[in-house]
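Peer 1: missing the sequence, but the structure's below:
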């Protein structure tokens, strides 16, 4: 039984180490890499090919089949519920707020994660109850989906902020030259 999955900061700029266990006794169990636009996770001697686009679905090709995560909206970043199907397990991710998420298995809380405290850089998924009993590879996949939910929301917010600043610059230039 495992209660925590944590992602470390990449040492080479694109390969994130993934650790399992409590903070005082973590074991490196996998790594996530984004190399030239191709994302994959190396776990237990296997390499999972990850695919995700602007749509509501993300998936991993693993040794045991295709695992999926599907949001309840037309885009992943606007979904307030994501359903994960991995190796005969169904896990729900429910957005409690913009920053806090809860894992759900059969209506019972199975864990949580948050974007607070540099949550995107240092993803920390806490498993409890039925979440602790999930196989380690499923927990790693859930942590990738958790990172994906955080990442898509940050990219969306950054894009909206960039557009707002561009509009402000145009307005400032117009005001500058008309006065």
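Peer 2: Yes, it's here. What you are looking at is a predicted structure, and each value in this text was computed from that prediction instead of being measured. Numbering: from 1, shown residues only.
Peer 1: so what pLDDT did the residue nearest to residue 115 when sequence neighbours are not counted get?
Peer 2: By the measure of Cβ to Cβ, 6 or more residues apart in numbering, the closest residue to residue 115 outside its immediate chain neighbours is residue 99, 4.5 Å from it. From N, CA and C alone the C-beta is placed, and that goes for glycine too. Predicted confidence (pLDDT) at residue 99: the value is 81.
Peer 1: And residue 119, by the same measure?
Peer 2: Among the per-residue scores, residue 119 shows a pLDDT of 53.
Peer 1: again, but for residue 31
Peer 2: Per-residue confidence (pLDDT) for residue 31: 94.
Peer 1: burial of it, as a residue count?
Peer 2: Residue 31 sits with 16 neighbouring residues when counted by other Cβ atoms under 10 Å.
Peer 1: in a strand, that's where it is, yeah?
Peer 2: Yes. Following the definition DSSP: H, G, I helix; E, B strand; the rest coil, residue 31 is counted among the residues of a strand.
Peer 1: Could you list which residues are in contact with it?
Peer 2: Listed by Cβ atoms under 8 Å, 6 or more residues apart in numbering, the contact partners of residue 31 are 15-18, 41-42.
Peer 1: partner residues bridging it?
Peer 2: Using DSSP bridges, the bridge partners assigned to residue 31 are residue 17, residue 42.
Peer 1: Looks like residue 99 contacts residue 149 (just checking).
Peer 2: No. The pair residue 99 and residue 149 fails to qualify as a contact (Cβ atoms under 8 Å) at a distance of 10.8 Å.
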